[in-house]
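Undergrad: need coordinates for the below:
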Amino acid sequence: MKHFITCPACGHDFMPQLNGHVECPECRLHGPNEAARLHGYEQKTELTPTSHELFMDFAKDAGNWSGTPLVDGNVAMDSQLRGNLSDLVKKGFITVFKNEGNSWVDFTEAGKAYAAEHGVDLSCF
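TA: Take a look at the predicted model:
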């Protein structure tokens, strides 16, 4: 008998890997917001006040960095805010990539839409 798991983020049914790994392959491939849309799953992503504030700080700073702000650049970071940064990645608002030893924020389509809802236009990036 095969046991399927339903991803709480996107609604996709999948089988865990033989090693017990339970990460949703759709969320890993598309990000949780896009995977939810593809599977017709109504997803309401809530941000904590601190995660929202961090997101908005990066969104407002994006114009200074051609749309991809530097982590710990103009937006100061500490260990607690790194947890909020991870929260933003997990919820599909941003991705973080490394280039030449620095970490940079890249806004997903969901992140750009969220920024627009809160008065920051990232559509030109």
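
Undergrad: what is the least confident helix or strand in this structure?
TA: helix 32-38 (a mean of 60; mean pLDDT, DSSP states H and E).

Undergrad: quick one: distance of stretch 65-75 to the chain centre.
TA: With Cα atoms, centre = their mean, to the nearest Å as the basis, stretch 65-75 stands 16 Å off its chain's centre.

Undergrad: first residue to last residue on it, what's the distance there?
TA: With Cα to Cα, to the nearest Å as the measure, stretch 65-75 spans 12 Å from end to end.

Undergrad: phi and psi next, for residue 106.
TA: phi -120, psi 130 (degrees, to the nearest 10).

Undergrad: residue contacts, it?
TA: 67, 68, 94, 95, 96, 97 (Cβ atoms under 8 Å, 6 or more residues apart in numbering). Just so you know, the C-beta spots here come from the backbone N, C-alpha and C atoms, and that holds for glycine as well.

Undergrad: could you identify the most distant pair in these?
TA: 67 and 96 (14.0 Å; Cβ to Cβ).

Undergrad: circling back to that earlier point, so which of the contacts of residue 106 comes closest to residue 50?
TA: Nearest member of those to residue 50, counting by Cβ to Cβ, is residue 94, at 14.8 Å.

Undergrad: residue 100 versus that closest one, what's the distance?
TA: Taking Cβ to Cβ, to the nearest Å as the measure, residue 94 falls 19 Å from residue 100.

Undergrad: of the two, which one has the most company?
TA: Using other Cβ atoms under 10 Å, the more surrounded residue of residue 94 and residue 100 is residue 94, with 27 against 5.

Undergrad: so the more buried one is in contact with residue 109, correct?
TA: No. Using Cβ atoms under 8 Å, residue 94 is not in contact with residue 109, being 11.1 Å away.
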